[in-house]
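Novice: Sharing a model that was predicted from the sequence below.
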Amino acid sequence: MVTIMTLRRTIRISLIYCMALIIAMVVVSTPLMCFAQTSGSVIKVGSEVEFPPFAEVDQEGRAAGFSVDLIKAVSNTMGLTPSFTTGSWDKMWNGLVSGRFDVLPIVAITEERKQRVDFSVPHTETFDAFFVKEGNPPIHSIHEAENKTIVVMRSDAAHHELTDRTFKGKLAIVDTIPEGLLLLSSGKQDAMLCSKLIGVLAMEEYGIKGITAGPIIGDYKRVFSFGIKKGAGDLREKINQGLAIVKSNGEYDRIYTKWLISRTPHKTKPQKQTPLKTIIIDNYSPYTFVNSKGAPDGYSVELAKSVANVMGMDLDIRVDTWQNAMSALKSGQIDFLPMMAFPRKEKKYSIFLHPIPPLTMLFLSGPVRKKSAH
């Protein structure tokens with residue numbers, strides 16, 4: 001069973017990612033191009049059809065989704081023209097490996113895949129969960145799923161994770177996540193392992209009843225990047241620079257809001273039993289202070305509240321001394337400090353996010369598993 005500490009670490013990872021999306025970029029700069037661009041150069045992009053909201057097709061059968069809009073924006077920035085082909089994940093992946101495609105817009109990074117294709121810098125993260133029939137107990141980890149029949153999407157990260165771990169159970173392989181959830185709802189299997197976000201959205205879109213999403217598992221996470229055909233170094237450099245530009249000019253945030261925030265269900269607050277915990281220091285206006293009503297207030301407090309709201313979580317804020325705050329952060333009693341100058345010596349046990357001029361936000365990472373996997 002996943003321990004409270006493992007759950008807290010998973011929450012911290014989610015917190016880091018949400019904060020990176022909320023903080024506005026103060027200085028927007030355009031990187032210098034160190035190579036000549038060929039305006040209109042066509043790149044062949046393979047996009048899967050049943051991985052919403054990241055990749056899907058619209059009513060006309062055209063590629064759509066978060067990752068599709070993102071590769072379009074990156075390509076436009078770098079003078080490239082994407083030509084899309086759609087199909088199942090398995091076919092798209094094999095097409096990239098064989099060199100038929102130049103890019104797949106969303107591929108989880110794994111060590112095995114690095115041997116077969118190249119990757120851009122990461123652009124998104126998501127987390128997996130076991131979906132079970134209503135009334136059945138939740139499954140908190142891969143270990144708890146042993147000796148059960150688990151549905152997975154063919155060649156998906158969940159599929160690879162179970163086979164790589166020599167999973168002691170049976171696998172039912174399907175081509176899409178909606179297909180797997182429908183199979184589970186029919187009562188023929190024990191559970192399905194897939195992205196929690198994608199699974200929940202698929203249940204709503206297809207009206208799938210009789211199953212429920214379990215808690216996020218701590219066994220692994222998915223770090224998504226653009227998958228690039230092996231050896232295309234110039235293309236990878238262009239995509240990396242284009243991604244940096246769209247993240248700096250606000251286009252990434254617009255695409256993220258359109259596909260991931262607007263379409264994400266917020267009916268309940270996940271992990272309400274473990275609120276995010278932080279400490280603020282009084283008399284550090286305008287960043288942190290206690291207002292006339294005796295409540296924590298300030299720029300950093302409001303920013304932390306916004307992060308918790310996006311994550312659908314409660315926020316537990318208390319006021320204390322700086323020394324006690326640092327001790328609580330190091331020991332794991334709190335999840336983050338909403339404000340801290342950037343000292344090099346603290347990096348060994350903490351993770352710093354994008355600067356908040358003239359300060360930097362600090363989060364305690366803990367010994368999080370680095371293995372990530374689609």
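Specialist: Good, I have the coordinates.

Novice: Got the domain ranges for the protein?
Specialist: 41-125+222-261, 128-216, 271-364 (automatic domain parsing).

Novice: Mean pLDDT and mean neighbour count added to those domains, as CSV?
Specialist: No exception for glycine: its C-beta is placed from N, CA and C like everyone else's. Conversion of the domains of the chain to CSV gives the following (pLDDT from 0 to 100; neighbours: other C-beta atoms under 10 Å):
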stretch, mean pLDDT, mean neighbour count
domain 41-125+222-261, 94, 19
domain 128-216, 93, 19
domain 271-364, 72, 16
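
Novice: residue closest to the middle of this structure?
Specialist: Among the residues of the chain, Glu125 comes closest to the average C-alpha position under C-alpha atoms, centre = their mean, at 1.8 Å.

Novice: Can you classify it by secondary structure?
Specialist: The local conformation at Glu125, judged by DSSP: H, G, I helix; E, B strand; the rest coil, is strand.

Novice: Could you give the bridge partners of it?
Specialist: Going by DSSP bridges, Glu125 is paired in beta bridges with Val223.

Novice: Go ahead and confirm it touches Arg222.
Specialist: Yes. Under the contact definition of C-beta atoms under 8 Å, Glu125 touches Arg222, with a separation of 6.5 Å.

Novice: Could you pull out the helices in the protein for me?
Specialist: Taking DSSP state H as the criterion, the chain carries its helices at 4-22, 66-77, 89-98, 111-114, 157-164, 177-185, 196-206, 233-248, 251-256, 299-311, 322-331.

Novice: I'd like the ones you listed laid out as TSV, including distance to Gln59.
Specialist: Compiled in TSV, those are given as follows (distance: least, C-beta to C-beta, whole Å):
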stretch	distance to Gln59
helix 4-22	29
helix 66-77	15
helix 89-98	21
helix 111-114	32
helix 157-164	29
helix 177-185	17
helix 196-206	13
helix 233-248	26
helix 251-256	20
helix 299-311	30
helix 322-331	50
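
Novice: Which one, of those helices, ends up nearest to Asp282?
Specialist: Comparing those by their distance to Asp282 (C-beta to C-beta), the top pick is helix 322-331, with 10.2 Å.

Novice: and the closest one, how far out from the chain's middle?
Specialist: Average the C-alpha atoms of helix 322-331, do the same for its chain, and the two points are 28 Å apart (C-alpha atoms, centre = their mean, to the nearest Å).

Novice: Which strands or helices does it pack on?
Specialist: Helices and strands touching helix 322-331, as assessed by 3 or more C-beta pairs under 8 Å, 6 or more residues apart in numbering; DSSP states H and E, comprise strand 276-280, strand 336-340, strand 359-364.

Novice: How about the contacts made by Phe167?
Specialist: Contact criterion C-beta atoms under 8 Å, 6 or more residues apart in numbering gives 142, 145-146, 150 as the residues in contact with Phe167.

Novice: Mind doing that once more with 7 Å?
Specialist: Phe167 makes contacts with Ile142, as judged by C-beta atoms under 7 Å, 6 or more residues apart in numbering.

Novice: For Ala55, find the nearest of the helices of the chain.
Specialist: For the helices of the chain, proximity to Ala55 was assessed by C-beta to C-beta; helix 66-77 is nearest, at 5.3 Å.
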